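Peer 1: For reference, the sequence and a predicted model appear below.
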Amino acid sequence: MIHILALAVLPALILIYYTYQQDKLQREPVKQIVKAFFYGCASVFASLLISVPLMNMGAFPHEITSLSGAVKTAFLGAAIPEETAKLFLLWLFLRKCKDFDERMDGIVYAVAVGMGFAAFENIEYLFASGSNWITTGISRSITAIPGHFGFAVIMGYYYSLHHFDGYRAPGAGLKMWLYPVVAHGLYDTIAMSAAATPEISGIVSIAILLLCFWMLKWARNRMKVHLLADSLHATGIDEQ
């Protein structure tokens, strides 16, 4: 049991630590990051308050047998409920967080929330996979966990943009929800399409890995943008 928990949670903790290390100007208190992580765990249950009613209403199929079914399940069964829940818990955490005083902080805390969700979800998947838990754990550590990391950075980037630079980026308030939903929905559509057409599973795997690589690269660049903005602000230079 300990081995399963370790494999499920460790990839998420590594990405939290990586993000924490990128925050070079003023790192956040560890206790706040831990708190945000557990907020992320709670977002799993919050997402069910959206996905379960949608499933009961027949908004998406129980079994995926077509591409349209994959799209419906990806967006209505996963992306919209999960990203909405994560954003709500992120807002709930940050609304009274006095340490949220730099743009990079939004990414740090969004990643902590996102990885809390991903770790809890990973535990469920690994325990459900029985004797295949090692294979499942390794597979998810290079696909699903980086995927959730990418969604979190997107959310945190636009959350901070909206909070600190809303007058310069009026659309950021919508983008901090919409863009993670779109990225998550595309990721899950690609992944779930293999269930409808197993013969393309190899292509699907490559597509997922490429998407994860692109999101990781994008995430790294967005961190640099916010770090630069924070640095300019700290030195009294009004960034353009």
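Peer 2: Structure received.
Peer 1: Let me know the helix or strand that Leu5 is in.
Peer 2: In the assignment (DSSP states H and E), Leu5 maps to helix 2-22.
Peer 1: Counting neighbours, show which residues of the helix ranked longest in the chain come out buried.
Peer 2: With secondary structure taken from DSSP state H, the chain has its longest helix at helix 201-234. Across helix 201-234, burial judged by 16 or more other C-beta atoms under 10 Å covers 204, 207-208, 211-212, 215-216, 219, 222-223, 226-227, 229-230. Using the backbone N, CA and C atoms, a C-beta is placed for each residue, glycine as well.
Peer 1: Just put those residues in JSON lines and tack on pLDDT and distance to Trp177.
Peer 2: JSON lines is the format used below for the buried residues of helix 201-234 (pLDDT from 0 to 100; distance: C-beta to C-beta, whole Å):
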{"residue": "Val204", "pLDDT": "68", "distance to Trp177": "27"}
{"residue": "Ala207", "pLDDT": "78", "distance to Trp177": "25"}
{"residue": "Ile208", "pLDDT": "76", "distance to Trp177": "23"}
{"residue": "Leu211", "pLDDT": "76", "distance to Trp177": "20"}
{"residue": "Cys212", "pLDDT": "73", "distance to Trp177": "21"}
{"residue": "Met215", "pLDDT": "76", "distance to Trp177": "17"}
{"residue": "Leu216", "pLDDT": "75", "distance to Trp177": "21"}
{"residue": "Ala219", "pLDDT": "76", "distance to Trp177": "17"}
{"residue": "Arg222", "pLDDT": "75", "distance to Trp177": "16"}
{"residue": "Met223", "pLDDT": "77", "distance to Trp177": "20"}
{"residue": "His226", "pLDDT": "78", "distance to Trp177": "18"}
{"residue": "Leu227", "pLDDT": "70", "distance to Trp177": "24"}
{"residue": "Ala229", "pLDDT": "76", "distance to Trp177": "22"}
{"residue": "Asp230", "pLDDT": "70", "distance to Trp177": "23"}
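Peer 1: What is the least confident helix or strand in this protein?
Peer 2: helix 201-234 (a mean of 74; mean pLDDT, DSSP states H and E).
Peer 1: could you say what helices and strands it packs with?
Peer 2: Packed against helix 201-234 by the contact rule (3 or more C-beta pairs under 8 Å, 6 or more residues apart in numbering; DSSP states H and E) you find helix 2-22, helix 103-128, helix 144-165, helix 172-196.
Peer 1: Quick check: closest non-adjacent residue to Ile50.
Peer 2: Distances taken as C-beta to C-beta, 6 or more residues apart in numbering place Pro81 nearest to Ile50, at 3.7 Å, with adjacent residues excluded.
Peer 1: Report the inter-axis angle for the helix or strand the one you found falls within versus helix 103-128.
Peer 2: Per DSSP H and E, Pro81 falls inside helix 80-94. Interaxial angle of helix 80-94 relative to helix 103-128 (axes from the mean of the first three to the mean of the last three C-alpha atoms, to 10 degrees): 130 degrees.
Peer 1: quick one: helix 80-94 to helix 172-196, angle?
Peer 2: 140 degrees.
Peer 1: Helix 80-94 to helix 144-165, inter-axis angle?
Peer 2: Using the same axes, to 10 degrees: helix 80-94 against helix 144-165 is 50 degrees.
Peer 1: For helix 80-94, what does the pLDDT average out to?
Peer 2: On average, the pLDDT along helix 80-94 is 97.
Peer 1: pretty sure His148 is touching Phe117, no?
Peer 2: Yes. Using C-beta atoms under 8 Å, His148 is in contact with Phe117, at 6.4 Å.
Peer 1: Show me which of these two is the more surrounded one.
Peer 2: Using other C-beta atoms under 10 Å as the criterion, His148 and Phe117 rank with His148 on top: 32 against 27.
Peer 1: List the single closest residue to that one in space, sequence neighbours excluded.
Peer 2: Ala118 (3.8 Å).
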